[in-house]
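Trainee: Prediction below, plus the sequence it came from.
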Amino acid sequence: MSYKKLIFKSAAVMGSATFISRILGFIRDMVIARFLGASMYADAFFVAFRIPNFLRRLFGEGSLTASFIPVFTKYKLNNGESGANELSSVSFTLLSLILTFITVLGIIFSPVIVKIVAPGFENEFEKFLLTVKLNRIMFSYIFFISLVALSMGILNSLKHFFAPAIAPALLNIAMIAGATLFYFLDKNVVYGLALGVVAGGILQLLLQFVYLKKFNIKIRLNFNFSHPAIKDIAFLMGPSVLGLAITQINILINTLLASFLPTGSVAFLYYADRLIQFPLGIFAVSIGSAVLPMLSEQSAKNNLNDMEKTVIFAIKLILLITLPAMVGLIFAGKPIISFLFQRGEFGIPTLNNVYFAVVGYSAGLWAYAGIRVVVPVYYAFKDTKTPVKIGFFSLIINVVLSVVLMKFLLHTGLAVATAVSSSFNFLALFFLLKKYITINKKELFKYFFKLIPPAFILIFFIKIYCLIVPFSYKWNFASKFFYVIALVALSGMVYFCSCYVFKIEEIAILRKKLKNE
């Protein structure tokens with residue numbers, strides 16, 4: 001199977017599963033918006049949930065997966081199934097011990113952690129205590145979800161993408177169930193959400209075990225921590241943790257600074273980020289996750305020519321998808337936000353504040369997605385230092401811009417700073433790829449300019465649609481649903497038809513693949 005078909009197939013599987021998860025995620029956020037809005041409870045929950053999430057992305061899903069896949073791929077090629085089983089068991093045993101230690105420390109030192117992450121909450125004692133309680137409940141989530149991340153690395157290395165991609169759906173279902181149950185029991189819904197997070201982590205791990213068994217990966221206790229592959233993973237993971245730490249510190253800085261802004265600012269950024277993560281999760285993460293095992297295998301075989309083609313094709317796909325997503329979020333953001341969140345405690349003022357944050361974040365959508373493609377190239381060559389160095393400079397840019405812009409734009413300034421610093425991050429990493437592979441930059445720039453006419457046609461269509469069928473915030477859920485679905489579906493058709501007319505190669509490939517299947 002050619003690299004283009006393999007990327008399409010892998011990304012399609014992941015994208016489909018992620019789409020289901022994201023839809024459930026929006027239903028979850030609808031529930032949160034309905035019961036909590038942008039209240040003190042919402043701010044406390046989002047901060048408390050962000051802390052274990054930060055550690056999960058830092059030590060689990062991000063750095064572990066990125067450093068594990070290249071080593072596991074090479075080790076399996078050289079040592080076969082028995083070697084893969086041994087490495088999997090040693091990794092699980094070691095990671096479980098580390099996570100137990102981290103979880104216990106996190107629960108004990110929750111007050112200190114909350115003070116560091118959201119120092120502004122100390123001025124509101126009730127909010128601070130609530131955040132500490134919620135953080136203690138949810139901290140065990142890092143134990144389960146990091147083991148899920150290790151499972152994801154194993155399964156992705158084996159070219160299986162469905163189970164890892166569908167797993168977050170179980171978290172969303174558990175959180176929805178927890179919130180709904182506590183509502184009908186007349187209990188505080190925020191605690192139902194917190195318990196749902198823990199239950200979701202357990203369910204996700206159980207699902208991974210089912211699929212690991214299908215691939216004949218047998219996890220056993222194995223304390224052979226001197227295993228040579230573990231040393232290789234640790235060697236890659238050190239700089240990788242630092243690199244991802246910079247990304248996550250960017251997020252925490254936004255939370256920290258937002259805690260000094262008016263109540264609701266943390267929630268505004270959360271809801272906006274959730275909307276941005278929809279196209280990012282379905283397409284960019286899917287493409288990036290599909291590319292990493294392929295690049296690792298091509299690197300292990302020293303096939304640089306195929307690596308170059310894989311990277312160029314992946315970046316083209318990213319541009320093809322993020323451009324209309326940016327246009328849609330900027331020019332049709334308010335109806336989408338209203339449909340998803342406007343109910344109960346979530347009113348028009350909150351909607352407007354979330355929209356401003358969405359516009360700020362949207363400016364960097366192409367960069368967030370592009371980073372998912374270029375960073376795996378460095379990992380494939382076992383270079384984790386370059387992303388760290390570039391990430392450090394992007395962190396400085398983010399901090400300086402955030403402090404300056406929040407004075408004038410409040411929470412929107414934080415979103416804009418994130419977009420600018422991420423754009424710098426991507427462009428620097430992209431141009432430094434020449435150390436390893438030759439990227440035809442002219443081809444990519446030419447491709448980008450070919451996408452501009454379809455993008456302008458899309459803007460024109462959205463404007464005409466909204467003019468002919470004006471949106472009303474007073475509509476019921478069903479009316480908003482059909483309005484948004486029609487807008488998104490017709491906009492997608494207009495954009496992709498325009499791309500076909502302007503002879504965008506990837507559209508023709510996609511059309512051919514859909515016909516064949």
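Mentor: Cool, the structure landed.
Trainee: Low-confidence ranges, the stretch 201-350 of the chain, go.
Mentor: Within the stretch 201-350 of the chain, the stretches with pLDDT under 70 are 236-248, 251-252, 281-286, 288-290, 292-293, 296, 299-300, 345.
Trainee: cool, the stretch 51-200 of the chain as well?
Mentor: Applying pLDDT under 70 to the stretch 51-200 of the chain picks out residues 54-67.
Trainee: The stretch 351-500 of the chain: strands as residue ranges?
Mentor: Read by DSSP state E, counting those that start in this stretch, the stretch 351-500 of the chain holds no strands at all.
Trainee: all helices of it, in order?
Mentor: Under the criterion DSSP state H, counting those that start in this stretch, the stretch 351-500 of the chain contains helices at 365-380, 385-409, 411-431, 441-468, 477-501.
Trainee: now those in JSON lines, with mean neighbour count?
Mentor: Where C-beta positions appear, they are placed from N, C-alpha and C, glycine not excepted. Shown next, in JSON lines, are the helices of the stretch 351-500 of the chain (neighbours: other CB atoms under 10 Å):
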{"stretch": "helix 365-380", "mean neighbour count": "25"}
{"stretch": "helix 385-409", "mean neighbour count": "18"}
{"stretch": "helix 411-431", "mean neighbour count": "22"}
{"stretch": "helix 441-468", "mean neighbour count": "14"}
{"stretch": "helix 477-501", "mean neighbour count": "15"}
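Trainee: can you tell which of those is closest to Arg34?
Mentor: When these are compared by CB to CB, helix 477-501 sits nearest Arg34, at 10.8 Å.
Trainee: Going by contacts, tell me the helices and strands next to the closest one.
Mentor: Identification of packing neighbours for helix 477-501 by 3 or more CB pairs under 8 Å, 6 or more residues apart in numbering; DSSP states H and E yields helix 304-331, helix 333-341, helix 441-468, helix 505-516.
Trainee: contacts for that helix?
Mentor: 320, 324, 328, 332, 335-336, 338-339, 343, 451, 453-455, 457-458, 461-462, 465-466, 469, 471-472, 475, 506-508, 511 (CB atoms under 8 Å, 6 or more residues apart in numbering).
Trainee: what's the answer for stretch 214-226, then?
Mentor: 81, 84-86, 88-90, 92-94, 154-155, 158, 160, 209, 212.
Trainee: Only whichever of the residues you listed are buried, select them in ChimeraX.
Mentor: Command for ChimeraX, covering only those of the contacts of stretch 214-226 found buried under the criterion 16 or more other CB atoms under 10 Å:
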select :84,85,86,88,89,90,92,93,94,154,155,158,160,212
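Trainee: Could you single out the nearest of the contacts of stretch 214-226 to Ile348?
Mentor: For the contacts of stretch 214-226, the minimum distance to Ile348 (CB to CB) is 44.2 Å, reached by Leu155.
Trainee: From Ser96, how far off is the closest one?
Mentor: Computed with CB to CB, to the nearest Å, the distance linking Leu155 and Ser96 is 18 Å.
Trainee: which one of the helices of the stretch 351-500 of the chain lies closest to Ser265?
Mentor: Comparing the helices of the stretch 351-500 of the chain by CB to CB, helix 411-431 comes nearest, at 4.4 Å.
Trainee: could I have the closest one exported to CSV, CA atoms only?
Mentor: Extracted in CSV, the C-alpha atoms of helix 411-431 (Å, rounded to 0.1, in the frame of the first residue of the first chain):
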residue,chain,number,x,y,z
HIS,A,411,-8.9,36.7,27.9
THR,A,412,-8.9,37.3,24.1
GLY,A,413,-5.4,38.6,24.4
LEU,A,414,-4.3,35.2,25.9
ALA,A,415,-5.8,33.4,22.9
VAL,A,416,-4.1,35.6,20.4
ALA,A,417,-0.7,35.2,22.2
THR,A,418,-1.1,31.4,22.0
ALA,A,419,-1.8,31.6,18.2
VAL,A,420,1.2,33.9,17.6
SER,A,421,3.7,31.8,19.7
SER,A,422,2.4,28.5,18.1
SER,A,423,2.9,30.0,14.6
PHE,A,424,6.5,30.8,15.5
ASN,A,425,6.9,27.3,16.8
PHE,A,426,5.7,25.6,13.7
LEU,A,427,7.6,27.8,11.2
ALA,A,428,10.9,27.5,13.1
LEU,A,429,10.5,23.7,13.2
PHE,A,430,9.5,23.5,9.6
PHE,A,431,12.5,25.4,8.3
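Trainee: and that helix, how far out from the chain's middle?
Mentor: Taking CA atoms, centre = their mean, to the nearest Å, one finds the center of helix 411-431 at 16 Å from the center of the full chain.
Trainee: Likewise for stretch 206-216?
Mentor: Taking CA atoms, centre = their mean, one finds stretch 206-216 lying 23 Å from the centre of the chain it belongs to.
Trainee: List the buried residues for that stretch?
Mentor: Here stretch 206-216 shows Leu207, Gln208, Tyr211, Leu212, Phe215 as buried, counting by 16+ other CB under 10 Å.
Trainee: Quick check: the first one touching Leu170?
Mentor: Yes - taking contact to mean CB atoms under 8 Å, the distance of 6.4 Å between Leu207 and Leu170 places them in contact.
Trainee: before we move on, the earlier item: I'd like the helices of the stretch 351-500 of the chain written out as TSV, with mean pLDDT added.
Mentor: What follows is the helices of the stretch 351-500 of the chain, written out as TSV (pLDDT from 0 to 100):
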stretch	mean pLDDT
helix 365-380	80
helix 385-409	88
helix 411-431	90
helix 441-468	90
helix 477-501	89
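Trainee: could you dump the ones you listed to JSON lines with distance to Ile102?
Mentor: Formatted as JSON lines, the helices of the stretch 351-500 of the chain follow (distance: least, CB to CB, whole Å):
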{"stretch": "helix 365-380", "distance to Ile102": "23"}
{"stretch": "helix 385-409", "distance to Ile102": "21"}
{"stretch": "helix 411-431", "distance to Ile102": "27"}
{"stretch": "helix 441-468", "distance to Ile102": "41"}
{"stretch": "helix 477-501", "distance to Ile102": "41"}
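Trainee: what packs against the longest helix anywhere in the chain?
Mentor: Across the chain, the longest stretch assigned as helix under DSSP state H is helix 63-108. Applying 3+ CB pairs under 8 Å, 6+ apart, one finds that helix 63-108 contacts helix 40-55, helix 141-157, helix 228-258, helix 286-300, helix 365-380.
Trainee: who wins for proximity to Phe408 among those?
Mentor: Nearest to Phe408 among the helices and strands packed on helix 63-108 is helix 228-258; the distance by CB to CB comes to 13.4 Å.
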